[in-house]
Every structure is written in C-alpha cells, then in structure tokens.
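In: Quick one, fold the following:
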Amino acid sequence: MNIIFFGTSEFALPALRKLYENDFKIAGVVTQPDRPAGRDLRPQSSPVKEEALKLRLPILQPDHLPSTTYPLPEADLYIVASYGIIIPKKILDIPKLGALNIHPSLLPKYRGPSPIQTAILNGDAETGVTIMKLDEKMDHGPIVAQEALPIQRKGFTKLHDELARLGAKLLIDVLSGYGQDRLVQVRGPHRAPGARL
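Out: Next up is the predicted model:
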C-alpha cells in the first residue's frame, strides 16, 4: 500500500523509521514548514524533515491543507504522528483506507496537546499509546489498538521516547493486517512487561 506520513516532532521519528525499515512504500512525508529559531532566527527544519532527507523520501511542507502548492500524491493510507496541524475531513476522506493516528495516551483519556505531561502531573501509574482512525474531531475516532506502559517515576523525556518507540511498534503490528478484513476491531489495552493495574 502507498502511505503518506504526516509528522513534525521527534515523537514521530520512530514510526517513520519503522515504516521505512519494514519496506512500506512511503509516497510522501508531510511536515510543518521550516520555522525561525535560535538567536539569529534562521529557518529550522523539523525533526521529521531532517529524517526524511536522510531516508531520501519526498517532502511536502504546506502551511495549511489542502494546498495547491503542495498537492498530496496518491495514497491508500495516511499515517499521522505528532503533526501539529489539524487535518480537515475532506483530506482525511481521500485515502481509501483512511488515516491512522498514533496518540501518546490511552484514549479517551487525555485528549489534546500534552497527554504525557498530564499523566505525569496527575500521578498516574500508567499511560500508553493508542492507534486510532482519525475523523474531523480532535483525538477522536474509532480506537484500533492500545498498549499500556507503566510510568514508574519516569521523567517526561524518558517517557516520551518510550511511548514513541511503543507507538511505532504497535503501528507495524496493526498494519500487518490493515486492509485485509483483519482490522478495525478494538485491541487492548495490552500492558507492556512490568505494568501493574
């Protein structure tokens, strides 16, 4: 299947790498435009753009969607991970297999932009990742799979990185049956080793 990958921040990197390593056909990588950064305010590429350059994947950087400047190539499926821009329904409806999102919480808990920080601040014993089918609402849509992860006093950076890797692994597990009448059923939450209820 042809995939378009939408992502911007470091959280998305393990998923992009896993797709590439598992020989999925990535028709394009959509990431946010370069932004001014640093003391001299030079345009800075997103982590996802830097990774896509290393992997020699086609890069699109629209300011908004849809974009006449950056028309999306044909694809069967969109994968979204920490893109940071709301994708309108008319775009989500284009691929025949829809759009899957990797979200760093056990939805429906902690929708929104800071689920990892919220889980830590609330003193939760566990958090996790959710693979969901996107619709027009924020962090909303049918849950495809979930996997839990114990927090165990981890700080934000360590937990962020573990969830990013867990989300990438779960994504590949989900895609092994995607589009073959073996998907959209809720799975989980499966708890990673060491998790306690």
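In: middle-most residue in the chain, spatially?
Out: The chain has Ala81 as the residue nearest its centroid, 1.7 Å off, counting by CA atoms, centre = their mean.
In: Quick check: chain neighbours aside, which residue is closest to that one?
Out: Using CB to CB, 6 or more residues apart in numbering and skipping the chain neighbours, the partner closest in space to Ala81 is Ala12 (3.8 Å). C-beta: built from backbone N, CA, C; applies to glycine.
In: Is it correct that the one you found falls within a strand?
Out: No - counting by DSSP: H, G, I helix; E, B strand; the rest coil, Ala12 is not found in a strand; it is helix.
In: So it versus Val80, what's the distance?
Out: 9 Å (CB to CB, to the nearest Å).
In: Show me which of the two is the more surrounded one.
Out: Set side by side, Ala12 and Val80 show more neighbours around Ala12, with 28 against 22, by other CB atoms under 10 Å.
In: If I look at that one, what pLDDT would I see?
Out: Ala12 is assigned 98 on the pLDDT scale.
In: so who does it touch?
Out: Contact partners of Ala12, counting by CB atoms under 8 Å, 6 or more residues apart in numbering, are Phe5, Pro47, Val48, Ala81, Ser82, Tyr83, Ile102, Ala164.
In: Which single one of these is nearest to Asp173?
Out: Ile102 (12.0 Å; CB to CB).
In: Sketch out the helices for the protein, chain order is fine.
Out: In the chain, the segments counted as helices under DSSP state H are 13-21, 47-55, 89-92, 115-121, 156-175.
In: which stretch among those helices comes nearest Leu65?
Out: Using CB to CB, these put helix 89-92 closest to Leu65, at 5.1 Å.
In: what's that closest one in contact with?
Out: For helix 89-92, contacts defined as CB under 8 Å, 6+ apart pick out Leu65, Pro66, Leu72, Tyr78, Gly98, Ala99, Leu134, Asp135, Glu136.
In: Once you drop chain neighbours, what's closest to the last one?
Out: The reference is to Glu136. Lys89 is the one closest to Glu136 (CB to CB, 6+ apart), at 4.0 Å.
In: And the one you found, how far from Thr69?
Out: 21 Å.
In: now do Leu106
Out: For Leu106, the distance to Thr69 equals 38 Å [CB to CB].
In: more neighbours, the two?
Out: Ranked by neighbour count (other CB under 10 Å), Leu106 and Thr69 place Leu106 first, with 22 against 9.
In: Tell me, how many residues neighbour the nearest residue to the more buried one once chain neighbours are set aside?
Out: With CB to CB, 6+ apart as the measure, Gly128 is the residue that lies nearest to Leu106, at 4.3 Å, once sequence neighbours are left out. The tally of other residues near Gly128 (other CB under 10 Å) stands at 28.
In: burial of Glu162, as a residue count?
Out: Residues near Glu162, counting by other CB under 10 Å: 19.
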